[in-house]
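Visitor: I would like the atomic coordinates for the input below:
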Amino acid sequence: MPDNNIISLIKKRRSIRKYTNATIPETDILSILESGRWAPSGLNNQPWKFVIITNLSAKVLISDLTAYSRIIRESSSCIAVFYDQASGYDRDKDIMAIGACIQNMLLAAQSLGIGSVWLGEILNKKEKFNELVAVSREYELMAVIALGYPDEEPESTRKSLRNLIINRL
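Guide: A predicted model of the protein is given here:
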């Protein structure tokens, strides 16, 4: 398999859960969001909205909603990703598009030397999360992405491709 820049970046990306104390520049956060904005979506409806969380007090409050509170508290920034239900046209397709948006952001962070992790367990408390970040219920929380400069280099393994292909026709 050829290993160009994009394929190499995809293979190097890891879920980073430990960060240094360095602050991520606002320009890098905006670049990460810009990359998410360019994800494909059905009918180009772009059904995502974002909340940027950098304030320590806010991170502490939302961290109480998840078993992964340390990750949120110790991150430099978090991006909450929401489904804008009013802009949706097919829930399944819209949620897949939001997944593509999140993946774009994770890869953009990796390209900037920023570690990230996609947190989903917090979805168990999405209504309370919306209250804490002052977002109406028309926006449904899909994920929180924690960002920071990596203070770890985790390994990762993958199933063999042969074990993932169900059939060839």
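Visitor: So which residues of this protein form strands?
Guide: For the chain, applying DSSP state E gives strands covering 48-53, 77-84, 115-119, 139-148.
Visitor: closest one to Asn167 among the ones you listed?
Guide: Proximity of these to Asn167 was assessed by CB to CB; the nearest stretch is strand 115-119, lying at 29.5 Å. Quick note: C-beta positions are derived from backbone N, CA and C, even for glycine.
Visitor: what's that closest one in contact with?
Guide: With contact meaning CB atoms under 8 Å, 6 or more residues apart in numbering, strand 115-119 is reached by 14-17, 19, 66, 68, 71-72, 102, 105-106, 109-110, 143-152.
Visitor: Is it possible to mark the buried ones in the residues you listed?
Guide: Neighbour-count burial (16 or more other CB atoms under 10 Å) applied to the contacts of strand 115-119 gives 14, 16-17, 19, 66, 68, 71-72, 102, 105-106, 109-110, 143-150.
Visitor: Which helix or strand in this structure has the lowest average pLDDT?
Guide: In the chain, no helix or strand scores lower on mean pLDDT, DSSP states H and E than helix 5-12, which sits at a mean of 94.
Visitor: Okay, and which of the buried ones among the contacts of strand 115-119 map to helices?
Guide: Using DSSP state H, the subset of these located in helices is 71-72, 102, 105-106, 109-110.
Visitor: Would you mind giving the residues you listed as a markdown table with pLDDT and distance to Val60 added?
Guide: Formatted as a markdown table, these follow (pLDDT from 0 to 100; distance: CB to CB, whole Å):
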| residue | pLDDT | distance to Val60 |
| --- | --- | --- |
| Ile71 | 98 | 13 |
| Ile72 | 98 | 8 |
| Ile102 | 98 | 24 |
| Met105 | 98 | 23 |
| Leu106 | 98 | 24 |
| Ala109 | 98 | 22 |
| Gln110 | 98 | 27 |
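Visitor: Max pairwise distance over these: which two?
Guide: Ile72 and Gln110, at 19.5 Å, using CB to CB across these.
Visitor: Give the other helices and strands that the least confident helix or strand of the chain contacts.
Guide: On a contact count with 3 or more CB pairs under 8 Å, 6 or more residues apart in numbering; DSSP states H and E, helix 5-12 meets helix 91-111.
Visitor: coming back round to it: take the ones in helices among the buried ones among the contacts of strand 115-119 and lay them out in JSON lines including distance to Thr157.
Guide: Listed next are those as JSON lines, based on distance: CB to CB, whole Å:
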{"residue": "Ile71", "distance to Thr157": "22"}
{"residue": "Ile72", "distance to Thr157": "26"}
{"residue": "Ile102", "distance to Thr157": "22"}
{"residue": "Met105", "distance to Thr157": "24"}
{"residue": "Leu106", "distance to Thr157": "18"}
{"residue": "Ala109", "distance to Thr157": "22"}
{"residue": "Gln110", "distance to Thr157": "18"}
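Visitor: All set now, cheers.
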